[in-house]
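In: generate coordinates for the sequence data below:
(chains A, B and C)
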Amino acid sequence: MSTQIERVRWFLGELKRVKSGLVGFILLFILIGVALAFPLIANPQDIANWSGHGEYWDQKMLPKLAPPAWINMFSSVKYAVTQDLSAGAGNYTVLDMQNDKDMLRYLDLMNPDVAKALRQLPEDQRKTLLDNLRKNLHFRYLVYIERSIVYDFKADVPPSDIVILSKIGPIILRKGLVQGINIQLVRPDGITLTLTPGASPNVTNPFNINQYADMMSPGLLIGLTIPTTVNTSGTETYRVIVANTTWRFSIRDYISSVLNSRNPALINSVLGPILKVANVSIGEGVYIDPMVFLMSKAEKDIVAGTAPPLRGKYVLYIKFLIKVPEGYPKPVFKIEKAKALGVYGLLGTDLQGRDLWPAFVYGVRWALIIGLVVSVISTFIGVMYGVISGYLGGWTDVIMTRVAQIIYSLPVLPLLIILAYFFGQNIWNIVWILIAFGWVGLVFTVRSMVLQIKENLYVEAARAIGASSWRIIFKHVFPQILPYMFASMALSVPGAILAEAGLSFLGLGDPNVVTWGKILHDAQAGNAVLNGAWWWVIPPGLGIAVVGMTFVFIGYALDRILNPRLIR
Amino acid sequence: MALLEVKELRTYYYTLRGVVKAVDNVSFSLERGEVLGIAGESGCGKSTLAWALLGLVPPPGRIAGGRIVLDGIELTKLSEHDLRKKVRWKKVSMIFQGAMNALTPVFTIEDQLAEPLMIHKGMHKNEARERIAQILKAVGLDETIMKRYPHELSGGQKQRVIIAMALLLNPDLVIADEPTTALDVIVQAQIMNLFKEIKKKYNMGMIFITHDLSLIAEIADKVAIMYAGKIVEIGSSDQVFGNPRHPYTQGLLRSIPRIRSKEKITWIPGVPPDLVRPPPGCRFFPRCKYVKEQCRKEEPKLKEIEPGHFVACHLYG
Amino acid sequence: MPPIWVRRMAEPVVKVRDLMKYFPLRRGLKEIITMKPKRFVRAVDGISFDMHIGEVFCLVGESGCGKTTTGRLITRLLEPTGGHIYYKPSREVASQISEKCFVEDGYVDLAQKLPKHVDKLLRREIQIVFQDPFGSLDPRMKVYDILKEPLIVHRIGSSEEERREIIYRALSEVKLVPPEQFMNRYPHMLSGGQRQRVAFARAMILKPTVVVADEPVSMLDVSIRAEILQLMLDLQANRDLAYLFITHDLAVANYLCTRIAVMYLGKIVEMGPTDEVINNPQHPYTKALIAAVPEPDPRNRFKIREVPIKGEVPSAAAIPPGCRFHPRCPYAMDRCSKEEPPTLEVKPGHYVSCWLHVRK
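Out: Okay, the predicted model is just below:
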């Protein structure tokens, strides 16, 4: 027992002298720490929903292909950071047409003269007239909804998008029921953009339907990405925004679609106010970054995208004026989440808007598991095979060596690819495949070591005593191999990790397990390098390199410390 | 003037465990035509002494002090370049322990022997061949051996080639470190005969280093006995073998079994000291049966107890 | 009639008869295709001798003469190609061996395949000490564990205390005292002489009858050789033990051994009591060997030593026909190159294989 402690102490003492080994062991402890602390430093849900759960990530509303947030620390140009936006002022007013007072207010807006005349009538006459008017109205309630969000822009580079996730509905889009929508963006410089064509830029009366864009107009709802369904009642077919419809509104996408429409009237109606102040026009085929355009000062360079950013409070208003027929529920419009999308998180996001940090951290686990399991098992098999083959000698040795040589001479990579294609859907199958090819490399070295050790006089002395082959193998031969075994165990870890990463990179990995290889595969598929998304490629690549280096350091240190040649 | 004068030579190895004083204050001189035998057990510093004389102490060792004067040249002051150009092979040559296994396997004997001649003497290949034939004859080998490769030769033949190589440039001093250790008795006797002939024929100095006192008696005119990095006794062969005075020399001579008598042999108890921490006083005292109080404290100096016979022991004087 | 395992002291403990060991040489592809016969290194080529309890029997010869191979054959580290090694087991062991294993009169033939447990029992009785005390001890084991290994292998001692007791005794017997001081040391913490003592302790701990000592002092310093040789004699004084001492050094053989066999190229050329062989050598090879031994006499430096034989030992793969010594023999006759000489007893117990001694 005390000798064991002595040995450990001796080992640690030696380790101090082999600096790279010390670094290796420190790195290993850090890696193990990270692997164990994964649930604390990242959200395990992210990994559980990594693949095939698009709605999970839609819900998260993360930017796509966003660089990590910390680049602002190193960059002279400050990027907008991904942040939740606060709601501004709101309003929800309902006019009930059964209520005479509300009815009169409605008439005030629609036809002030009639309203005025009605007011002067005695009450019973007025009631009769109002009842008559009601018959032609086709609706019971008039609902005015106003919501706004505020974004305080302070950076140099505007966010890549502003996204609003909301619940809307029900809204019945029937002929004769004129319903309005008006979305306006008020910039810090006072310029107001009316995003919905047809709506009045200057709203004077929220109940005046003429100041809204008509929701019945074809293409408007599609342009705004508000989902609708078609309803049939009797012979009539009409569209409905059903209750609780999820509406995801991306300003970037919307402005892009406007710009891509190549319709000068449309473009002018949406972006006109800025163009007017800047005194420019948008030429044919000019690419404009919508967010840069929206959030730059209205100057000459705004079309080129080089105008200085316009910092300050941006307010986005979304207003609805909705008519609700008798017997229908009142509509609801609720902003659930609004976000400005900029640089994000510790490691940014990928093309699908997935946070790369949890994936990277989780990758440490699999790198260690794959590396250690493959190297420990294959080294052990290889050493035992070599020891038995070398010690027993004769025909056993000839046959065992031939078998190992055959396996060794197989072209491993193509075979790995074929096997991984057939069995690779499970990460453990990949581990077994790597073991099946990994153990041979060691056999020849171990065998030749054993042949040498076998010639040692003390082995002969043990035979002279009458010790059995097994006793000699385990007492005299194996301990000599042990240091080499540990060293090559450590040195074979990087190979295993690289092999798995390689297979995953080729798309032959386990689709359900997030490994660094898989991240790299996704990055390759998502043209990460072409998009300049270094944060998608470098961390997993560096991770593989660091784990490899860790074990190489440890392996060489073990070799230096335990190698009998160097022991004095 | 003596051919070789070694004065207070110290050669230390600077290891992690400490300074190993492999050769510590060794002085002797050697005349032309004389053979000095240096005897001692493994680890007594005799091989290190040989390396030091050639300036070839392997690291982490180096010459820590003292003088080596060969034919008027102070060797310790020479640069590595000068040693290589002017001294090694030309003035001092060495027959290393196991050198016969160090012959390059891919060159013929002629190629190997021609190289030093061409480099040091600037000889042409044909001139070199003549000289090689001559020297091979001198060491008792046939000329035809020139075209052979080392593996085609027997152990004895290889050792003769090595000796020929050492004599090639007519050096003033030849150092032979255990030249017969790997050989069988009969071949050993033949090689010893060769050394005797060389000694007669060439007027040069020779240092013959071995652990085997019997071999020293076969060739040496002068004998130095080394123990733990020091010379404990030095004198003519007749003096050292006929009248050994140091207890260590006496013990060594008594421990050699003889073929022609069944005299009881004895041994020296204990083991040589660790040269990192040698015992204070006389280094031999832990194994000496005549040990006195003085031996534990005071290091004995070499004293001349009869003309030419020096002993470092407190028993005398 | 007494039971067969009764040991008669006058009988030899080991009788080697026509013992042979050939090592096959690897054939080149050309040789295999042309169906050339297999070639062998005839390391031991038909030797016979007896060993008695209480004697130190010595095999002397130059390197490659087959003396080490003989030692390994007797300890069964190698399997013989032919011949017999008759061994008479001790009472204790003999009683545990079934009668089927005995070939004649209490002897077991070690050259034959034996049942596994018999083989193991007999290994106990014949032990070996190697030349190299640095290599023969596992550098990773402490002295205590090195000595415990034979006890474990042969299930000697029922408890750890008992084993410890046995190891203590073995260590004090080889004069590594106090044993506590040496037990926990690793081999590299011992001097060469101490290591060789551990090797002897390991051999002796199984109470063997025959110990093969393969050049046990040639790698040790001169000043301590005598100590090991004395230890060997002391160990023998207290037990029924025969040594097979293998050496190249005739002087050591002369000092230690009772009988000497001189080997040349796999054969014994001369055998007899030490004094006879050393002082009255009959074979030209023995004479040359003795003449070549150097002595610490400074007068020798003035004379050239007469070594009458020429050349060096040829390879054991190409043994000369007839008397294998004839190419080097100064007295070689016609006959020598054609016929192998018979072995003659020139004096009681003194045998020579040489045509010079055959009267026409």
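In: all helices of chain B, in order?
Out: B:46-54, B:80-82, B:109-120, B:125-138, B:155-167, B:185-201, B:213-219, B:237-242, B:247-254, B:293-297 (DSSP state H).
In: whichever strand or helix holds residue C:286 packs against which elements?
Out: Counting by DSSP states H and E, the element that carries residue C:286 is helix C:284-292. On a contact count with 3 or more CB pairs under 8 Å, 6 or more residues apart in numbering or on different chains; DSSP states H and E, helix C:284-292 meets helix B:185-201, strand C:259-264, strand C:267-273. Every C-beta, even on glycine, is put in place using the N, C-alpha and C of the backbone.
In: and stretch B:143-157, what's its mean pLDDT?
Out: For stretch B:143-157, mean pLDDT rounds to 85.
In: now that stretch: buried residues?
Out: By neighbour count with 16 or more other CB atoms under 10 Å in any protein chain shown, stretch B:143-157 contains the buried residues B:145-146, B:148, B:150, B:153-157.
In: export the helix holding residue C:286 to CSV, keeping only CA atoms.
Out: C-alpha atoms of helix C:284-292 as CSV (Å, rounded to 0.1, in the frame of the first residue of the first chain):
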residue,chain,number,x,y,z
PRO,C,284,46.6,-31.2,-28.3
TYR,C,285,43.7,-28.8,-27.8
THR,C,286,43.8,-29.0,-24.0
LYS,C,287,47.5,-28.5,-24.1
ALA,C,288,47.1,-25.3,-26.2
LEU,C,289,44.4,-24.0,-23.9
ILE,C,290,46.5,-24.4,-20.9
ALA,C,291,49.5,-22.9,-22.6
ALA,C,292,47.5,-19.8,-23.5
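In: wait, a strand at residue A:323?
Out: Yes - assessed with DSSP: H, G, I helix; E, B strand; the rest coil, residue A:323 lies in a strand.
In: give me every residue that touches it.
Out: Residue A:323 makes contacts with A:138-139, A:141-143, A:177-179, as judged by CB atoms under 8 Å, 6 or more residues apart in numbering or on different chains.
In: against which helices or strands is the lowest-mean-pLDDT helix or strand in chain A packed?
Out: For chain A, counting by mean pLDDT, DSSP states H and E, helix A:2-17 ranks last in confidence among helices and strands (a mean of 78). Other helices and strands packing on helix A:2-17, by 3+ CB pairs under 8 Å, 6+ apart, are helix A:19-36, helix A:534-562.
In: what mean pLDDT does the longest one get?
Out: The reference is to helix A:534-562. On average, the pLDDT along helix A:534-562 is 90.
In: and that helix, what's buried?
Out: Buried residues in helix A:534-562, counted by 16+ other CB under 10 Å: A:535-537, A:539-541, A:543-544, A:547-548, A:550-562.
In: same check on stretch C:279-298?
Out: Burial within stretch C:279-298, assessed by neighbour count using 16+ other CB under 10 Å, is assigned to C:281-296, C:298.
In: could you work out the end-to-end span of it for me?
Out: End-to-end span of stretch C:279-298 (CA to CA, to the nearest Å): 22 Å.
In: what's the spacing between it and its chain's center?
Out: Offset of stretch C:279-298 from its chain centre (CA atoms, centre = their mean, to the nearest Å): 21 Å.
In: what's the answer for stretch A:224-240, then?
Out: For stretch A:224-240, the distance to the chain centre is 35 Å (CA atoms, centre = their mean).
In: cool, stretch B:225-239 as well?
Out: With CA atoms, centre = their mean as the basis, stretch B:225-239 stands 13 Å off its chain's centre.
In: residue A:89: neighbour count?
Out: Residue A:89 has 10 neighbouring residues, counting by other CB atoms under 10 Å in any protein chain shown.
In: ok, it to residue A:150 distance?
Out: Distance, residue A:89 to residue A:150, using CB to CB, to the nearest Å: 9 Å.
In: next one: residue A:515
Out: In this view, residue A:515 and residue A:150 are 42 Å apart by CB to CB.
In: compare these two (neighbour count), which wins?
Out: The neighbour count for residue A:515 versus residue A:150, taken as other CB under 10 Å, is higher for residue A:515 (30 against 15).
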